[in-house]
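**Student:** Sequence first, then the predicted structure:
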Amino acid sequence: MKSTSIQPTPEEVSALKQLVLAQQHLLDKRQDRILHLEEQVLFFKYRQFAKKSEKDISQTELFDEAEDEACNDAPEIADIIEPEVSTAPKNTPRKSGRKPLPQDLPRVRIEYDVAAHEKTCKCGCQKECIGEETSEQLDIIPAVIQVKVHARKKYACKACENGVITAKLPQQAIPKSNASAGLLAYIAISKYQDGLPLYRLESQFKRLNIHLPRNTMANWMIKCGNLLQPLKNLLNDQLLSSGYIHMDETRVQVLKEPDKKAENLSYMWVRRTGDKARSIILFDYHPRRNTVAAESLLPDFQGYLQTDDYVCYGIVSLGCMTHARRKFIEAQKVAPSQKGKISKADMAVQMIKKLYAIETQIKDKSVEERYQIRQEKSKPQLQKMRDWLDKTLENTLPKGKAGMAIAYLNKNWEKLTTYVNDGRLNIDNNPVENAIRPFAIGRKNWMFSNSQDGAKSSALIYSIVETAKANGIDPYTYLQELFSRLPLCESLEDFEQLLPWNISIKKPL
C-alpha cells in the first residue's frame with residue numbers, strides 16, 4: 001500500500017488562517033468547475049433532445065442559477081423591464097375559413113343542370129333559370145413535357161444550285177444541347193429552391209420515360225452557373241457600393257478538393273445588402289473559413305458590415321442582438337429561475353424583448369422616422385441595460401452560461417448598439433441568416449457537392465434565385481428568361497437590363 005504522509009500542522013495562527021483560506025479557495029474553484037460541467041451536460045441534453053426553441057423557460061425542476069445572489073438584486077432593478085409593446089390592434093377578429101384561390105389561375109367551367117322533367121313545375125308551367133351556385137376546387141395537371149422542334153428554313157438557287165443558305169438558330173444557353181431554357185430553369189429550381197437532389201429528378205424523368213442521367217444534369221448546372229457569372233458580377237459591384245452589408249457563412253462539404261480530405265468541410269459565404277428596395281443576396285464558395293476568405297469578398301469596402309462575433313471579419317461595425325439574446329436563452333435552459341425569482345438571464349431576455357418591440361413598431365417607417373424613434377425609445381432602454389450590465393459584471397461567475405452571455409454582451413456592446421445611430425441599420429443579422437436557410441434545407445437533401453466547380457455553380461445559382469425572391473420575382477420565370485436572353489447579350493447595357501429591378505417580368509410570389 002502507498003503510505004500517506006501527514007503534513008505537520010503550523011503552530012502560528014496566521015499560518016493556519018492562510019492554510020484555511022487556500023483550502024477554501026481550492027474548494028470554491030472545484031465547486032465552480034462542477035457547476036460549469038453540470039451546465040454543459042444539461043445544455044448538451046437540451047441540444048440533443050429538447051425542442052429547438054428560444055422561448056422563455058419556466059421549468060423549476062432543474063438546478064438553480066449558480067449565482068443565487070443575483071435573485072436578491074431582482075426587486076431593485078425590476079423597474080428596468082418595461083411593459084411589452086403590442087403592435088396588434090385590440091379586439092381584431094381573426095379571419096376564419098379557407099383563403100380564396102388565386103384569381104390569375106385559369107378556370108375550367110363545368111356546368112351541371114337539373115333533369116328535364118324537373119324543369120316543369122307542378123302547376124304545369126316551365127321553370128326558368130334564375131341563377132347558379134358556384135364552388136371551386138383546386139386541380140393540378142402533372143408536368144407537361146413537350147419537345148421543341150427548331151425548324152430552320154433552307155434556301156438555294158435552282159438555276160445554278162449554288163449558295164445554299166439556312167436560317168440561323170439563336171444562341172442557346174448550352175450550345176449543341178437538347179436542354180431548353182425552361183428545362184434548365186426547372187432543374188435549377190428543383191434543386192436549389194425545392195432541395196431535390198439530382199438523383200430524385202432522374203427518377204422523376206424516368207417515370208415519364210425520359211432518360212436524363214444525373215451527371216448530365218450536374219454538367220448542365222455548372223454551365224448554367226458560368227452563364228450567370230456576368231450578372232453576378234454586376235450584382236457584386238452594386239453590393240460593395242451599397243454602404244451596408246450583412247455577412248455570414250455556413251458549412252458545405254465538397255468531396256474533390258485539392259489538399260483536403262473528402263470529409264473536411266468547406267464554407268459557403270453569404271452577403272446581403274441592407275437596402276430593402278434593391279436587395280442583393282450573394283453566395284460564394286471558399287474552401288476555408290478565415291480572414292483571407294472574408295477579406296477577398298470585401299475588397300475596398302467602405303461602410304457598415306454586420307456579422308456575428310466570429311473573429312475572421314476585420315472591419316465589423318455592427319453586431320447581432322439575436323446572438324446576444326440566444327446566449328441568455330441558453331442560460332435560461334440550463335439554469336431556470338425558481339418560482340417567484342428572476343435570474344440574470346431572465347432580466348437580459350426581457351430587456352432585449354423591449355428593444356425588439358420597438359423595432360416591430362418601426363419596421364415599416366422611413367429611415368428618418370426609425371432614427372428618431374430609436375433616439376427617443378431605444379437609447380434610454382439601452383442605457384438601462386448598460387447600467388444593469390455594469391452592476392451584474394461584478395458578481396457573476398465567468399464560466400457559467402449566464403456569465404458567458406453577460407461577457408459576450410459586454411465585449412460586443414459597442415457593435416450591438418451602433419444600430420441606433422442610423423435609421424438604415426438593423427438590430428440583428430437575421431436578414432442574411434434567413435437567406436441562408438434555403439441553402440441549409442437543400443444541404444440536408446443533397447448533402448455535398450462533388451467538385452469545386454459544382455460548389456461554385458451552386459453559389460451562382462443560389463445567388464440569382466435568392467436575389468430574385470428578395471425582389472418579388474418568381475425565380476423559375478426569372479431563370480427561364482435569363483437562360484433565354486443571356487446568350488444574346490453583347491454589351492454591358494444588355495446585361496444591366498436583366499437585373500431584377502430592370503427586367504420587365506416581375507410577378508408577385
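**Tutor:** That came in fine, so what should we check first? Given the structure is predicted, the values throughout are model-derived calculations rather than measurements.

**Student:** Now stretch 103-121: average pLDDT?
**Tutor:** For stretch 103-121, the per-residue pLDDT values average out at 89.

**Student:** Name the surrounding residues that touch that stretch.
**Tutor:** The list of residues contacting stretch 103-121 from outside it, by CB atoms under 8 Å, 6 or more residues apart in numbering, reads 126-127, 139. All C-beta spots, glycine's among them, are computed from the backbone N, C-alpha and C.

**Student:** Most neighbours among these, which one?
**Tutor:** Counting neighbours by other CB atoms under 10 Å, the top entry in those is Lys127, with 10 neighbours.

**Student:** and Lys411, what does it touch?
**Tutor:** Asp309.

**Student:** separation between Tyr462 and Gln302?
**Tutor:** Applying CB to CB, to the nearest Å, one obtains 26 Å for the distance of Tyr462 from Gln302.

**Student:** who has more neighbours, the two?
**Tutor:** Counted by other CB under 10 Å, Tyr462 and Gln302 do not tie: Tyr462 has more neighbours, with 27 against 10.

**Student:** Quick check, pLDDT for that one.
**Tutor:** At Tyr462 the predicted local distance difference test score is 92.

**Student:** OK, contacts around it?
**Tutor:** If you count contacts by CB under 8 Å, 6+ apart, then Tyr462 has 192, 283, 438-439 around it.

**Student:** repeat for Arg30
**Tutor:** If you count contacts by CB under 8 Å, 6+ apart, Arg30 has none.

**Student:** before we move on, which element is it in?
**Tutor:** For Arg30, the enclosing helix or strand under DSSP states H and E is helix 13-49.

**Student:** Rounded mean pLDDT for that helix, please.
**Tutor:** What helix 13-49 shows for mean pLDDT is 68.

**Student:** what do you get for stretch 352-364?
**Tutor:** pLDDT averaged over stretch 352-364 equals 92, rounded to a whole number.

**Student:** Distance check, Trp388 against Asn412.
**Tutor:** Trp388 sits 16 Å away from Asn412, taking CB to CB as the criterion.

**Student:** And for Gly274?
**Tutor:** Gly274 sits 19 Å away from Asn412 when distances are taken as CB to CB.

**Student:** for Leu297, same thing?
**Tutor:** Leu297 sits 22 Å away from Asn412, taking CB to CB as the criterion.

**Student:** The stretch 401-509 of the chain: strands as residue ranges?
**Tutor:** Counting by DSSP state E, counting those that start in this stretch, residue ranges of the strands within the stretch 401-509 of the chain are 449-451.

**Student:** How far does the strand of greatest length in the chain sit from its chain's centre?
**Tutor:** Under DSSP state E, the strand in the chain containing the largest number of residues is strand 244-256. The chain centre lies 12 Å from the centre of strand 244-256; the measure is CA atoms, centre = their mean, to the nearest Å.

**Student:** What residues sit buried inside it?
**Tutor:** Neighbour-count burial for strand 244-256, counted by 16 or more other CB atoms under 10 Å, picks out 244-250, 252, 254-255.

**Student:** Partner strands of it, with direction?
**Tutor:** Pairing partners of strand 244-256, with direction, according to DSSP bridges: strand 265-273 (antiparallel), strand 304-306 (parallel), strand 449-451 (parallel).

**Student:** In PDB, could you pull the C-alpha coordinates for it?
**Tutor:** What follows is strand 244-256 as a C-alpha-only set of coordinates in PDB (Å, rounded to 0.1, in the frame of the first residue of the first chain):
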ATOM      1  CA  TYR A 244     -24.300  48.400 -45.700                       C
ATOM      2  CA  ILE A 245     -23.700  44.700 -45.900                       C
ATOM      3  CA  HIS A 246     -24.900  41.700 -43.800                       C
ATOM      4  CA  MET A 247     -22.500  38.800 -43.900                       C
ATOM      5  CA  ASP A 248     -22.400  35.200 -42.500                       C
ATOM      6  CA  GLU A 249     -21.100  31.800 -43.500                       C
ATOM      7  CA  THR A 250     -22.200  28.200 -43.300                       C
ATOM      8  CA  ARG A 251     -20.500  24.900 -43.900                       C
ATOM      9  CA  VAL A 252     -20.600  22.800 -47.100                       C
ATOM     10  CA  GLN A 253     -18.900  19.600 -48.000                       C
ATOM     11  CA  VAL A 254     -17.000  19.200 -51.200                       C
ATOM     12  CA  LEU A 255     -15.700  15.700 -52.000                       C
ATOM     13  CA  LYS A 256     -12.900  16.500 -54.500                       C
END
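
**Student:** what's the average pLDDT for that strand?
**Tutor:** Taken as a whole, strand 244-256 carries a mean pLDDT of 83.

**Student:** Compute the distance between Ile427 and Met321, please.
**Tutor:** According to CB to CB, Ile427 and Met321 sit 5 Å apart.

**Student:** Need the overlap of contacts for the two.
**Tutor:** By CB under 8 Å, 6+ apart, Ile427 and Met321 have these common neighbours: 355-356, 419.

**Student:** quick one: the helices in the stretch 251-400 of the chain?
**Tutor:** Taking DSSP state H, counting those that start in this stretch to define them, one finds helices in the stretch 251-400 of the chain at 291-296, 321-334, 344-362, 367-373, 379-393.

**Student:** helices and strands around the first one, which ones?
**Tutor:** Okay, so that is helix 291-296. Packing contacts for helix 291-296, counted by 3 or more CB pairs under 8 Å, 6 or more residues apart in numbering; DSSP states H and E, involve strand 265-273.

**Student:** hmm, who's touching the strand it packs on?
**Tutor:** Defining contact as CB under 8 Å, 6+ apart, one finds that strand 265-273 is touched by 238-239, 242, 244-254, 257, 260, 279-289, 293-294, 297, 431-432, 435-436, 439, 455, 458-459, 470.

**Student:** Among those, name the buried ones.
**Tutor:** The neighbour-count criterion (16+ other CB under 10 Å) marks 239, 242, 244-250, 252, 254, 257, 279-287, 289, 293-294, 297, 431-432, 435-436, 439, 455, 458-459, 470 among the contacts of strand 265-273 as buried.

**Student:** What is the neighbour count of Lys327?
**Tutor:** Using other CB under 10 Å as the criterion, Lys327 is surrounded by 18 other residues.

**Student:** now do Met351
**Tutor:** Other residues near Met351 number 21, with proximity taken as other CB under 10 Å.

**Student:** Centre-most residue in the chain?
**Tutor:** Asn434 (1.9 Å; CA atoms, centre = their mean).

**Student:** What distance do you get for Ile140 to Leu201?
**Tutor:** Note on Ile140: its distance to Leu201, by CB to CB, is 19 Å.

**Student:** Who has more neighbours out of the two?
**Tutor:** A count of neighbours by other CB under 10 Å puts Leu201 above the other of Ile140 and Leu201, at 18 against 5.

**Student:** pretty sure that one is touching Ile189, no?
**Tutor:** No. Shown here, Leu201 and Ile189 do not form a contact pair, counting by CB atoms under 8 Å, at 10.8 Å.

**Student:** List the contacts of Leu358.
**Tutor:** Leu isn't right for residue 358; it's Ile. By CB under 8 Å, 6+ apart, the contact list for Ile358 reads 85, 373-374, 377-378, 381.
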